[in-house]
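S.K.: Next come a sequence and a model predicted from it.
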Amino acid sequence: MSKKHVAVVMGGYSDEYVVSLKSGQLIYDSLDRDLYNVYKVIILKDEWYFLTENDEKIPVNKSDFSVVLNTNEKLNFDVCFNIIHGTPGENGLLQAYWDAIGQVYTGCDFYQSALTFNKKDTLAVLSKYGIPSAKSVYLRKGEPIDADKIINQLELPVFVKPNQSGSSLGISKVKEKSELIAATEIAFKEDDEILIESFLNGMEVSVGVIDFKGETIVLGITEIVPQNEFFDYEAKYEGASEEITPARIDKETTKRVEEIAKRAYDSLGMSGFSRSEFILVDGIPYMLEMNTNPGFSPASILPQQAKHYGISIKDLCGNEVEKALNKIRN
(Lines give C-alpha, C1' and ligand atoms only; values in the text may rest on other atoms or scores of the structure.)
Protein backbone atom coordinates (compact mmCIF):
# COMPACT_ATOMS: atom_id res chain seq x y z
CA MET A 1 0.00 0.00 0.00
CA SER A 2 1.42 3.37 -0.93
CA LYS A 3 2.05 5.89 1.79
CA LYS A 4 -0.38 8.79 2.17
CA HIS A 5 0.89 12.32 1.60
CA VAL A 6 0.36 14.49 4.67
CA ALA A 7 1.03 18.24 4.67
CA VAL A 8 1.54 19.82 8.08
CA VAL A 9 0.05 23.27 7.48
CA MET A 10 1.35 25.94 9.85
CA GLY A 11 1.84 29.69 10.15
CA GLY A 12 -1.10 32.05 9.97
CA TYR A 13 -1.78 35.75 9.60
CA SER A 14 -1.53 36.81 13.26
CA ASP A 15 1.41 37.22 15.63
CA GLU A 16 0.77 33.68 16.79
CA TYR A 17 2.37 32.28 13.63
CA VAL A 18 5.65 31.95 15.56
CA VAL A 19 4.00 29.52 17.99
CA SER A 20 2.28 27.71 15.11
CA LEU A 21 5.64 27.02 13.45
CA LYS A 22 6.82 25.34 16.66
CA SER A 23 3.58 23.35 16.92
CA GLY A 24 3.92 22.31 13.28
CA GLN A 25 7.50 21.20 13.81
CA LEU A 26 6.46 18.88 16.67
CA ILE A 27 3.71 17.30 14.52
CA TYR A 28 6.07 17.04 11.54
CA ASP A 29 8.64 15.26 13.73
CA SER A 30 6.05 12.99 15.39
CA LEU A 31 4.08 11.55 12.46
CA ASP A 32 4.92 7.94 11.64
CA ARG A 33 7.15 7.84 8.55
CA ASP A 34 6.27 4.17 8.00
CA LEU A 35 2.70 5.23 7.26
CA TYR A 36 3.00 8.72 5.79
CA ASN A 37 5.13 10.94 3.63
CA VAL A 38 5.17 14.14 5.67
CA TYR A 39 5.68 17.64 4.25
CA LYS A 40 5.67 21.22 5.52
CA VAL A 41 3.41 23.93 4.12
CA ILE A 42 3.64 27.46 5.49
CA ILE A 43 0.72 29.86 5.10
CA LEU A 44 1.54 33.51 5.79
CA LYS A 45 -0.27 36.70 4.82
CA ASP A 46 2.10 37.43 1.95
CA GLU A 47 2.87 33.92 0.72
CA TRP A 48 1.78 30.30 0.83
CA TYR A 49 4.65 27.92 0.23
CA PHE A 50 5.88 24.35 0.47
CA LEU A 51 9.17 24.02 2.33
CA THR A 52 11.54 21.40 0.93
CA GLU A 53 13.94 19.46 3.14
CA ASN A 54 16.68 21.91 2.08
CA ASP A 55 14.47 24.83 3.22
CA GLU A 56 13.71 25.86 -0.34
CA LYS A 57 10.33 27.53 -0.89
CA ILE A 58 7.97 26.35 -3.62
CA PRO A 59 4.71 28.30 -4.08
CA VAL A 60 1.41 26.54 -3.40
CA ASN A 61 -1.15 26.58 -6.22
CA LYS A 62 -4.29 27.93 -4.52
CA SER A 63 -6.65 26.53 -7.15
CA ASP A 64 -6.19 22.99 -5.77
CA PHE A 65 -3.64 23.38 -2.95
CA SER A 66 -1.00 21.49 -4.95
CA VAL A 67 2.72 21.97 -5.44
CA VAL A 68 4.91 21.36 -8.49
CA LEU A 69 8.20 19.91 -7.29
CA ASN A 70 11.58 20.55 -8.92
CA THR A 71 11.23 17.21 -10.72
CA ASN A 72 8.14 18.72 -12.45
CA GLU A 73 6.06 16.23 -10.53
CA LYS A 74 2.77 17.57 -9.16
CA LEU A 75 2.12 16.83 -5.51
CA ASN A 76 -1.41 16.75 -4.05
CA PHE A 77 -1.93 16.02 -0.37
CA ASP A 78 -4.18 13.23 0.93
CA VAL A 79 -4.56 15.12 4.21
CA CYS A 80 -3.70 18.60 5.45
CA PHE A 81 -2.83 18.60 9.15
CA ASN A 82 -4.07 22.03 10.20
CA ILE A 83 -2.07 23.50 13.09
CA ILE A 84 -2.46 27.22 12.35
CA HIS A 85 -3.27 29.29 15.44
CA GLY A 86 -5.54 32.28 14.83
CA THR A 87 -6.68 33.36 11.37
CA PRO A 88 -7.13 31.76 8.79
CA GLY A 89 -6.76 28.24 10.25
CA GLU A 90 -8.67 28.65 13.50
CA ASN A 91 -11.57 30.85 12.39
CA GLY A 92 -12.94 28.74 9.53
CA LEU A 93 -11.54 30.61 6.53
CA LEU A 94 -9.06 27.92 5.54
CA GLN A 95 -11.53 25.10 6.24
CA ALA A 96 -14.17 26.73 4.01
CA TYR A 97 -11.59 27.09 1.21
CA TRP A 98 -10.47 23.47 1.62
CA ASP A 99 -14.10 22.30 1.56
CA ALA A 100 -14.65 24.27 -1.65
CA ILE A 101 -11.72 22.62 -3.46
CA GLY A 102 -12.30 19.17 -1.96
CA GLN A 103 -9.15 19.05 0.18
CA VAL A 104 -9.32 16.76 3.24
CA TYR A 105 -8.03 18.20 6.53
CA THR A 106 -7.76 17.40 10.24
CA GLY A 107 -9.64 19.04 13.09
CA CYS A 108 -13.06 20.56 13.19
CA ASP A 109 -15.12 21.85 10.27
CA PHE A 110 -15.38 25.47 9.20
CA TYR A 111 -18.58 26.13 11.17
CA GLN A 112 -17.11 24.98 14.51
CA SER A 113 -13.95 26.98 13.82
CA ALA A 114 -15.84 30.15 13.00
CA LEU A 115 -18.18 29.74 15.97
CA THR A 116 -15.53 29.02 18.60
CA PHE A 117 -13.36 31.89 17.37
CA ASN A 118 -16.24 34.16 18.39
CA LYS A 119 -16.30 34.11 22.19
CA LYS A 120 -19.72 35.75 22.54
CA ASP A 121 -21.45 33.34 20.16
CA THR A 122 -19.76 30.26 21.65
CA LEU A 123 -20.88 31.16 25.17
CA ALA A 124 -24.40 31.99 23.92
CA VAL A 125 -24.73 28.58 22.23
CA LEU A 126 -23.27 26.72 25.22
CA SER A 127 -25.57 28.48 27.71
CA LYS A 128 -28.41 26.59 25.98
CA TYR A 129 -26.67 23.39 27.08
CA GLY A 130 -26.44 24.55 30.69
CA ILE A 131 -22.80 25.62 30.61
CA PRO A 132 -22.29 28.75 32.73
CA SER A 133 -20.10 31.74 31.85
CA ALA A 134 -19.34 35.18 33.32
CA LYS A 135 -21.86 38.03 33.00
CA SER A 136 -20.83 40.18 30.07
CA VAL A 137 -21.53 43.23 27.94
CA TYR A 138 -20.84 43.16 24.20
CA LEU A 139 -19.81 46.26 22.24
CA ARG A 140 -19.18 47.05 18.60
CA LYS A 141 -16.66 49.66 17.50
CA GLY A 142 -18.25 53.11 17.28
CA GLU A 143 -21.07 52.38 19.74
CA PRO A 144 -21.38 54.85 22.62
CA ILE A 145 -19.92 53.41 25.84
CA ASP A 146 -21.79 54.10 29.06
CA ALA A 147 -19.13 53.30 31.67
CA ASP A 148 -21.47 53.86 34.64
CA LYS A 149 -24.10 51.51 33.30
CA ILE A 150 -21.53 48.80 32.47
CA ILE A 151 -19.87 48.99 35.90
CA ASN A 152 -23.26 48.92 37.65
CA GLN A 153 -24.23 45.85 35.72
CA LEU A 154 -20.96 43.89 36.06
CA GLU A 155 -19.24 45.44 39.12
CA LEU A 156 -15.49 46.03 39.28
CA PRO A 157 -13.05 44.58 38.47
CA VAL A 158 -13.91 43.61 34.89
CA PHE A 159 -12.00 42.06 32.00
CA VAL A 160 -12.05 43.78 28.63
CA LYS A 161 -11.19 41.50 25.71
CA PRO A 162 -11.45 41.31 21.93
CA ASN A 163 -14.33 39.05 20.92
CA GLN A 164 -12.36 37.33 18.16
CA SER A 165 -8.70 36.87 18.81
CA GLY A 166 -6.43 34.05 19.70
CA SER A 167 -3.45 34.34 21.99
CA SER A 168 -4.82 36.66 24.70
CA LEU A 169 -3.70 39.85 22.93
CA GLY A 170 -5.59 43.04 23.76
CA ILE A 171 -6.95 41.89 27.13
CA SER A 172 -7.00 44.22 30.14
CA LYS A 173 -8.13 43.87 33.71
CA VAL A 174 -9.91 47.06 34.81
CA LYS A 175 -10.08 47.90 38.50
CA GLU A 176 -11.17 51.56 38.30
CA LYS A 177 -13.97 53.02 36.26
CA SER A 178 -11.55 55.65 34.91
CA GLU A 179 -9.53 52.88 33.20
CA LEU A 180 -12.44 51.39 31.27
CA ILE A 181 -12.42 53.55 28.12
CA ALA A 182 -8.64 53.15 27.60
CA ALA A 183 -9.02 49.37 27.98
CA THR A 184 -11.78 49.27 25.33
CA GLU A 185 -9.47 51.14 22.93
CA ILE A 186 -6.73 48.53 23.43
CA ALA A 187 -9.20 45.71 22.74
CA PHE A 188 -10.67 47.49 19.68
CA LYS A 189 -7.16 47.54 18.15
CA GLU A 190 -7.44 43.72 17.90
CA ASP A 191 -11.10 43.44 16.88
CA ASP A 192 -14.19 45.48 15.93
CA GLU A 193 -16.20 43.69 18.62
CA ILE A 194 -15.27 43.43 22.28
CA LEU A 195 -16.55 41.77 25.44
CA ILE A 196 -16.51 43.25 28.90
CA GLU A 197 -16.84 40.44 31.43
CA SER A 198 -17.42 40.37 35.16
CA PHE A 199 -14.40 39.13 37.10
CA LEU A 200 -14.65 35.54 38.30
CA ASN A 201 -12.52 35.01 41.36
CA GLY A 202 -11.34 31.43 41.25
CA MET A 203 -8.87 28.92 39.87
CA GLU A 204 -8.23 28.99 36.12
CA VAL A 205 -8.03 25.58 34.47
CA SER A 206 -7.25 24.61 30.91
CA VAL A 207 -8.94 21.41 29.74
CA GLY A 208 -7.77 19.41 26.73
CA VAL A 209 -10.54 17.47 25.00
CA ILE A 210 -10.13 15.32 21.88
CA ASP A 211 -11.98 12.58 20.05
CA PHE A 212 -9.65 9.62 20.17
CA LYS A 213 -10.48 6.26 18.59
CA GLY A 214 -14.18 7.03 18.46
CA GLU A 215 -14.74 8.55 21.89
CA THR A 216 -14.58 12.00 23.42
CA ILE A 217 -11.93 12.03 26.13
CA VAL A 218 -10.60 14.65 28.51
CA LEU A 219 -6.84 14.51 28.14
CA GLY A 220 -6.26 16.49 31.28
CA ILE A 221 -7.12 19.41 33.51
CA THR A 222 -4.24 21.83 33.97
CA GLU A 223 -4.23 24.47 36.67
CA ILE A 224 -2.90 27.83 35.56
CA VAL A 225 -1.10 29.83 38.24
CA PRO A 226 -0.22 33.16 36.58
CA GLN A 227 2.63 35.23 37.94
CA ASN A 228 1.00 38.18 36.22
CA GLU A 229 -2.43 39.41 37.19
CA PHE A 230 -4.04 36.95 34.74
CA PHE A 231 -3.16 34.46 32.00
CA ASP A 232 -2.15 36.96 29.31
CA TYR A 233 0.06 36.62 26.23
CA GLU A 234 3.25 36.88 28.26
CA ALA A 235 2.05 34.25 30.74
CA LYS A 236 0.91 31.97 27.92
CA TYR A 237 3.96 32.12 25.68
CA GLU A 238 6.81 33.55 27.70
CA GLY A 239 6.54 31.24 30.65
CA ALA A 240 5.20 33.79 33.13
CA SER A 241 2.86 31.23 34.66
CA GLU A 242 3.07 27.91 36.39
CA GLU A 243 1.06 25.09 34.87
CA ILE A 244 0.15 22.16 37.09
CA THR A 245 -1.20 18.93 35.56
CA PRO A 246 -3.37 17.50 36.95
CA ALA A 247 -4.97 20.51 38.66
CA ARG A 248 -5.10 20.46 42.45
CA ILE A 249 -8.85 19.87 42.75
CA ASP A 250 -10.88 17.15 44.47
CA LYS A 251 -12.42 14.15 42.71
CA GLU A 252 -15.91 15.60 42.63
CA THR A 253 -14.76 18.89 41.03
CA THR A 254 -12.58 16.95 38.58
CA LYS A 255 -15.60 14.93 37.52
CA ARG A 256 -17.72 18.07 37.12
CA VAL A 257 -15.06 19.81 34.99
CA GLU A 258 -14.61 16.71 32.81
CA GLU A 259 -18.35 16.36 32.31
CA ILE A 260 -18.84 20.02 31.34
CA ALA A 261 -15.78 20.10 29.07
CA LYS A 262 -17.01 16.98 27.23
CA ARG A 263 -20.53 18.38 27.00
CA ALA A 264 -19.20 21.63 25.49
CA TYR A 265 -17.14 19.65 22.94
CA ASP A 266 -19.99 17.34 21.94
CA SER A 267 -22.66 20.08 21.97
CA LEU A 268 -20.66 22.08 19.43
CA GLY A 269 -20.07 19.01 17.23
CA MET A 270 -16.35 19.37 17.67
CA SER A 271 -13.61 17.18 16.25
CA GLY A 272 -9.85 17.16 16.70
CA PHE A 273 -7.77 18.96 19.32
CA SER A 274 -9.44 21.45 21.63
CA ARG A 275 -8.53 23.28 24.78
CA SER A 276 -11.16 25.03 26.86
CA GLU A 277 -10.49 27.57 29.55
CA PHE A 278 -12.63 27.66 32.69
CA ILE A 279 -12.62 29.51 36.00
CA LEU A 280 -13.69 27.38 38.95
CA VAL A 281 -15.76 29.33 41.47
CA ASP A 282 -16.93 27.28 44.48
CA GLY A 283 -16.41 24.10 42.46
CA ILE A 284 -18.52 25.32 39.50
CA PRO A 285 -16.69 25.64 36.14
CA TYR A 286 -17.49 28.88 34.26
CA MET A 287 -16.43 28.73 30.63
CA LEU A 288 -14.24 31.49 29.16
CA GLU A 289 -13.51 30.18 25.67
CA MET A 290 -12.62 27.19 23.52
CA ASN A 291 -9.53 26.97 21.31
CA THR A 292 -9.85 24.61 18.35
CA ASN A 293 -6.18 24.75 17.39
CA PRO A 294 -4.39 25.13 20.71
CA GLY A 295 -0.63 25.49 21.00
CA PHE A 296 1.13 22.21 20.31
CA SER A 297 4.78 23.03 20.80
CA PRO A 298 6.60 20.76 23.27
CA ALA A 299 6.02 23.36 26.01
CA SER A 300 2.28 23.67 25.31
CA ILE A 301 -0.45 22.38 27.58
CA LEU A 302 -2.04 19.78 25.26
CA PRO A 303 1.14 17.72 24.64
CA GLN A 304 1.86 17.88 28.38
CA GLN A 305 -1.63 16.56 29.12
CA ALA A 306 -1.28 13.77 26.54
CA LYS A 307 1.98 12.70 28.14
CA HIS A 308 0.29 12.60 31.53
CA TYR A 309 -2.71 10.72 30.13
CA GLY A 310 -0.42 8.19 28.49
CA ILE A 311 -1.07 8.84 24.80
CA SER A 312 2.08 9.39 22.77
CA ILE A 313 2.30 12.44 20.49
CA LYS A 314 2.81 10.00 17.61
CA ASP A 315 -0.53 8.27 18.35
CA LEU A 316 -2.30 11.56 19.03
CA CYS A 317 -1.23 12.96 15.66
CA GLY A 318 -1.70 9.68 13.80
CA ASN A 319 -5.26 9.45 15.12
CA GLU A 320 -6.03 12.86 13.60
CA VAL A 321 -4.71 11.83 10.19
CA GLU A 322 -6.61 8.52 10.23
CA LYS A 323 -9.89 10.27 11.15
CA ALA A 324 -9.41 12.66 8.24
CA LEU A 325 -8.69 9.75 5.86
CA ASN A 326 -11.82 7.96 7.12
CA LYS A 327 -13.90 11.02 6.23
CA ILE A 328 -12.98 10.33 2.58
CA ARG A 329 -13.98 6.69 2.80
CA ASN A 330 -17.31 7.39 4.49
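M.R.: It's in.

S.K.: domain parsing for the protein?
M.R.: For the chain, the structural domains run 4-106, 118-132+201-291, 136-198, going by automatic domain parsing.

S.K.: now those in TSV, with mean pLDDT?
M.R.: Formatted as TSV, those follow (pLDDT from 0 to 100):
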stretch	mean pLDDT
domain 4-106	95
domain 118-132+201-291	89
domain 136-198	90
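
S.K.: Can you check which of those gets nearest to Ala324?
M.R.: domain 4-106 (4.6 Å; Cβ to Cβ). (Each C-beta comes from the backbone N, C-alpha and C, glycine too.)

S.K.: could the domains of the chain go into a markdown table alongside distance to Leu316 and mean neighbour count?
M.R.: Converted to a markdown table, the domains of the chain look like this (distance: least, Cβ to Cβ, whole Å; neighbours: other Cβ atoms under 10 Å):
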| stretch | distance to Leu316 | mean neighbour count |
| --- | --- | --- |
| domain 4-106 | 8 | 18 |
| domain 118-132+201-291 | 7 | 18 |
| domain 136-198 | 21 | 17 |
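
S.K.: Dump those to CSV, plus distance to Glu322.
M.R.: Listed next are those as CSV, based on distance: least, Cβ to Cβ, whole Å:
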stretch, distance to Glu322
domain 4-106, 9
domain 118-132+201-291, 9
domain 136-198, 27
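
S.K.: Please list the residues outside stretch 140-156 that contact it.
M.R.: Identification of contacts with stretch 140-156 by Cβ atoms under 8 Å, 6 or more residues apart in numbering yields 135-137, 139, 158, 174-177, 180-181, 184, 188, 192-193, 196-199.

S.K.: center of the chain - which residue?
M.R.: Nearest to the geometric centre of the chain sits Asn291, at 2.8 Å (Cα atoms, centre = their mean).

S.K.: Apart from its chain neighbours, what residue comes closest to Gln95?
M.R.: Distances taken as Cβ to Cβ, 6 or more residues apart in numbering place Phe110 nearest to Gln95, at 3.6 Å, with adjacent residues excluded.

S.K.: sorry, that was for Ile260
M.R.: Spatial nearest neighbour of Ile260, excluding adjacent residues (Cβ to Cβ, 6+ apart): Pro285 at 5.1 Å.

S.K.: Identify the residues contacting the one you found.
M.R.: Neighbouring residues of Pro285 by Cβ under 8 Å, 6+ apart: 132, 205, 256-257, 260-261, 278-279.

S.K.: Next, the distance between the ends of stretch 108-125.
M.R.: Stretch 108-125 has an end-to-end distance of 17 Å (criterion: Cα to Cα, to the nearest Å).

S.K.: same question, stretch 302-322
M.R.: 19 Å.

S.K.: now it, how far from the chain's geometric center?
M.R.: Centroid displacement of stretch 302-322 relative to its chain, using Cα atoms, centre = their mean, to the nearest Å, is 16 Å.

S.K.: what are the phi and psi angles of the residue nearest to Phe117 when sequence neighbours are not counted?
M.R.: Among residues not flanking Phe117 along the chain, Asn91 sits closest, at 3.9 Å (Cβ to Cβ, 6+ apart). Main-chain torsions, Asn91, degrees, to the nearest 10: phi -120, psi 10.

S.K.: Next, the contact list for Asn91, please.
M.R.: By Cβ under 8 Å, 6+ apart, the neighbours of Asn91 are 113-114, 117, 164.

S.K.: give me that answer again for 10 Å
M.R.: Residues near Asn91 by Cβ atoms under 10 Å, 6 or more residues apart in numbering: 12-14, 84, 110, 113-118, 164-166, 292-293.

S.K.: separation between it and Val125?
M.R.: Separation of Asn91 from Val125 (Cβ to Cβ, to the nearest Å) stands at 16 Å.

S.K.: Could you do Ile224 as well?
M.R.: When Cβ to Cβ is the yardstick, Ile224 and Val125 sit 24 Å from each other.

S.K.: got it, and Glu179?
M.R.: The gap separating Glu179 from Val125 is 31 Å, by Cβ to Cβ.

S.K.: got a list of contacts for the helix or strand hosting Ile186?
M.R.: Secondary structure assigned from DSSP states H and E places Ile186 in helix 180-190. Helix 180-190 is contacted by residues 14, 139-143, 145, 147-148, 150-151, 156, 158-167, 169-174, 193-196 when judged by Cβ under 10 Å, 6+ apart.

S.K.: Just the ones in strands from the residues you listed, please.
M.R.: Of the contacts of helix 180-190, the ones assigned to strands by DSSP state E are 139-140, 158-162, 172-174, 193-196.

S.K.: mind putting these in CSV, distance to Tyr28 included?
M.R.: Shown next, in CSV, are the ones in strands among the contacts of helix 180-190 (distance: Cβ to Cβ, whole Å):
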residue, distance to Tyr28
Leu139, 41
Arg140, 40
Val158, 41
Phe159, 36
Val160, 37
Lys161, 32
Pro162, 30
Ser172, 36
Lys173, 37
Val174, 41
Glu193, 35
Ile194, 36
Leu195, 35
Ile196, 40
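
S.K.: which two in those are spaced the farthest apart?
M.R.: Arg140 and Lys173 (21.9 Å).

S.K.: just checking, which of the contacts of Asn91 belong to helices?
M.R.: 110, 113-116 (DSSP state H).
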